[in-house]
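Undergrad: this one's sequence-less:
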C-alpha cells in the first residue's frame, strides 16, 4: 500500500542487487546440492530475508522510522534478557553453568545482545527524557546476559561492542560523557557482583583456547570444512549442505561455526565472492556517513564479524536486519529518500 500511495518502487541500491544475486545463487545451488531438501529450505529463507530487507528499504527511508526499528530491536532484547536472568535465578541451565532465554542457544543470545549494545548506546546519546533510562537499563541487561551465557565468542563481540564508548566520547558534551561513563561503570560492576564464578572460569579460558585449544572442537570442524572446499572449490556443496557433508566426515551432526567458511564451502568461490562484495559495499556506505553514525556502524560491523567467526549466521535475521538498516540509513543520510 505504501508503494500504491507513492506510485512507485524505490530504486534498489548496489547492496540490494548483490543480496539478490547471492540469494539467487543459493537457490541455483539446488542443482548440485548434496542435500537438496535443506537447500530448498535455505532458498526459501533467503527469499523471506530479502523481503524483510526490502520492507526496511521501502518503509524506513527517514531517520524516524530507522530509529523505531532500532528501538524495536532493543525492546525485543528485554524479553530474552529478562528470561535469561529468571532462568539463572531459577537454576535452570541451558548447558553446564550456562544460561540463556528459552529457545535460544547461549552463543546466539550473546551475539544478539552484543549487537544491541552499540545500538542502545547510539540511541542513548541522541535521546532526552525518560527513554534514556530504558537504554541504560538495556545496556546493563545486555552485558549481564552475555556474561551469564558464558559464550566466549559472544564475550569478545561484547568487548568490541563497548568500544563504541571511547570511540564516540569526543563527540559528546561533557555532561553526556560523564553520564555514559557512569553507565558503563554500572554495567561492569553489575557483572562483577552478579555473575557466578563458573561464568568467569569459562571466560578466563579464552587466551588459552586462542593459543593452543580447539575452540570447543571448532578447529576440527574448520579443518574438515576446508578439505571439503578443496573438493568443491567453485560451486560448493549447495546452500545448507555443510552440515550433511561434514557430519559424514566427522560421524556426528555438526554446523560450520563460522559464517565465512560456511558460505565458502556451501556456495563456493562464486557465492563467497558475492558475500564479500556485499560486505565491501556496506563498508563503503559506512565510510560515506557523518562521524557519529559512521562510528556506530563500524562498531556494529566489527561486532558482527567477531561474533559470526564462531557462529553460522548467514541465514539469521539479525544479520540481514542490520545490513538492511545500514543501507536504509546510508540512503537517508545521502538524501536518497525517494
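TA: The structure has been received and is ready for your questions. What you are looking at is a predicted structure, and each value in this text was computed from that prediction instead of being measured.
Undergrad: now do the contacts for the closest residue to residue 54 other than its chain neighbours.
TA: Nearest-residue entry for residue 54: residue 16, 7.5 Å, with adjacent residues in sequence omitted and distances by Cβ to Cβ, 6 or more residues apart in numbering. No exception for glycine: its C-beta is placed from N, CA and C like everyone else's. By Cβ atoms under 8 Å, 6 or more residues apart in numbering, the residues touching residue 16 are 53, 54, 57, 327.
Undergrad: again, 7 Å this time
TA: 53, 57, 327 (Cβ atoms under 7 Å, 6 or more residues apart in numbering).
Undergrad: does the first one touch residue 319 like I think?
TA: Yep, that's residue 53 we're talking about. No: using Cβ atoms under 7 Å, residue 53 makes no contact with residue 319, being 10.4 Å away.
Undergrad: just the contacts of residue 16: which are in strands?
TA: Of those, none are assigned to strands by DSSP state E.
Undergrad: in PyMOL, how would I select the buried members of those residues?
TA: Selection of the buried residues among the contacts of residue 16 in PyMOL, burial being defined by 16 or more other Cβ atoms under 10 Å:
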select buried, resi 53+57+327
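Undergrad: can you redo the contacts of residue 16 as TSV with pLDDT and distance to residue 152?
TA: Below are these laid out as TSV (pLDDT from 0 to 100; distance: Cβ to Cβ, whole Å):
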residue	pLDDT	distance to residue 152
53	97	30
57	95	35
327	97	31
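Undergrad: so which of the contacts of residue 16 is the closest to residue 9?
TA: When those are ranked by distance to residue 9 (Cβ to Cβ), residue 57 comes first, at 9.5 Å.
Undergrad: per-residue confidence at residue 153?
TA: The score at residue 153 is 93. That number is its pLDDT.
Undergrad: what does the one 10 residues further on give?
TA: At residue 163 the predicted local distance difference test score is 94.
Undergrad: name the element the nearest residue to it once chain neighbours are set aside belongs to?
TA: Spatial nearest neighbour of residue 163, chain neighbours left out: residue 299 (6.1 Å); criterion: Cβ to Cβ, 6+ apart. Here residue 299, judged by DSSP states H and E, is contained in helix 291-308.
Undergrad: cool, residue 322 as well?
TA: Secondary structure assigned from DSSP H and E places residue 322 in helix 317-333.
Undergrad: show me what that helix is in contact with.
TA: Residues contacting helix 317-333 (Cβ under 7 Å, 6+ apart): 13, 15-16, 49, 52-53, 56-57, 60-63, 66, 69, 112, 115, 282, 285, 288-290, 293, 297, 300, 304, 313.
Undergrad: got any ranges where the stretch 101-250 of the chain has weak pLDDT?
TA: Applying pLDDT under 70 to the stretch 101-250 of the chain flags residues 190-194, 213.
Undergrad: where along it do the helices fall?
TA: Along the stretch 101-250 of the chain, counting by DSSP state H, counting those that start in this stretch, helices occupy 106-124, 131-149, 152-162, 164-168, 174-194, 197-203, 206-212, 218-231, 242-250.
Undergrad: list the buried residues for the third one?
TA: Using 16+ other Cβ under 10 Å as the test for burial, helix 152-162 gives 152, 153, 154, 155, 156, 157, 158, 160, 161, 162.
Undergrad: helices and strands around that helix, which ones?
TA: Judged by 3 or more Cβ pairs under 7 Å, 6 or more residues apart in numbering; DSSP states H and E, the packing partners of helix 152-162 are helix 106-124, helix 131-149, helix 291-308.
Undergrad: make a markdown table from those helices and add mean neighbour count to it.
TA: Output for the helices and strands packed on helix 152-162, formatted as a markdown table (neighbours: other Cβ atoms under 10 Å):
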| stretch | mean neighbour count |
| --- | --- |
| helix 106-124 | 26 |
| helix 131-149 | 22 |
| helix 291-308 | 20 |
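Undergrad: excluding chain neighbours, what is closest to residue 186?
TA: Using Cβ to Cβ, 6+ apart, the nearest residue to residue 186 is residue 140, at 6.1 Å.
Undergrad: and the gap between the one you found and residue 64?
TA: According to Cβ to Cβ, to the nearest Å, residue 140 and residue 64 sit 27 Å apart.
Undergrad: now swap in residue 195 and tell me
TA: To residue 64, residue 195 is 38 Å away according to Cβ to Cβ.
Undergrad: the more surrounded of the two?
TA: Per other Cβ atoms under 10 Å, whichever of residue 195 and residue 64 has more neighbours is residue 195, with 18 against 8.
Undergrad: many thanks, we can stop here.
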